[in-house]
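Peer 1: here are the coordinates; sequence isn't available:
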C-alpha cells in the first residue's frame, strides 16, 4: 500500500468552493481501481493550503488513474482552484508508529 501525498495551494477566497468541488472529486478518485480511500486536511497556519492523502495499492495504480478519463474529470473539478502546481509524492506504509 502507498499513500499519495498532495500539497495544494488554493487561490485565496476559493476555499469553500474548492471544498465543495473536492467532495465530488473524491467520489471519482475513490471509485478508481486500486484506490482505498482519500482524505483532505486544511492547514492551520495558512487556510489556503490543503493536504490530500490518498491510499493506493501501488504507485502503478495511481499512475493508471492518471491515464484514465476519470482523472480528467478529477482535474476539471480541482485544478482550476490551484494557485500553483500541486506537489505530489508517494510514501510507504508507516515503518514506525508510537502513541
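Peer 2: That came in fine, so what should we check first? All of these numbers come straight from a predicted model, not from anything done at the bench.
Peer 1: Next one: the residue nearest to the spatial centre of the chain, what pLDDT does it get?
Peer 2: Within the chain, one residue has its C-alpha closest to the average C-alpha position: by Cα atoms, centre = their mean, that is residue 52, at 3.9 Å. Per-residue confidence for residue 52 comes out at a pLDDT of 98.
Peer 1: List phi and psi for it.
Peer 2: Backbone torsions for residue 52, taken as degrees, to the nearest 10, come to phi -110, psi 130.
Peer 1: Help me confirm that it comes into contact with residue 8.
Peer 2: Yes. Counting by Cβ atoms under 8 Å, residue 8 is a contact partner of residue 52 at 6.7 Å. Where you see a C-beta, it was placed from the backbone N, CA and C, and this is true even at glycine.
Peer 1: Please name the bridge partners of the residue nearest to the centre of the chain.
Peer 2: Applying DSSP bridges to residue 52 gives these bridge partners: residue 6, residue 40.
Peer 1: Tell me how many other residues crowd the closest residue to residue 19 other than its chain neighbours.
Peer 2: Nearest in space to residue 19, with sequence neighbours left out and distances taken as Cβ to Cβ, 6 or more residues apart in numbering, is residue 40 at 7.6 Å. Burial of residue 40 is recorded as 17 neighbouring residues (other Cβ atoms under 10 Å).
Peer 1: With residue 37 instead?
Peer 2: Around residue 37 sit 12 other residues, with neighbours defined as other Cβ under 10 Å.
Peer 1: Residue 42 and residue 18 touch, don't they?
Peer 2: No. Between residue 42 and residue 18 there is no contact, the gap being 9.9 Å when judged by Cβ under 8 Å.
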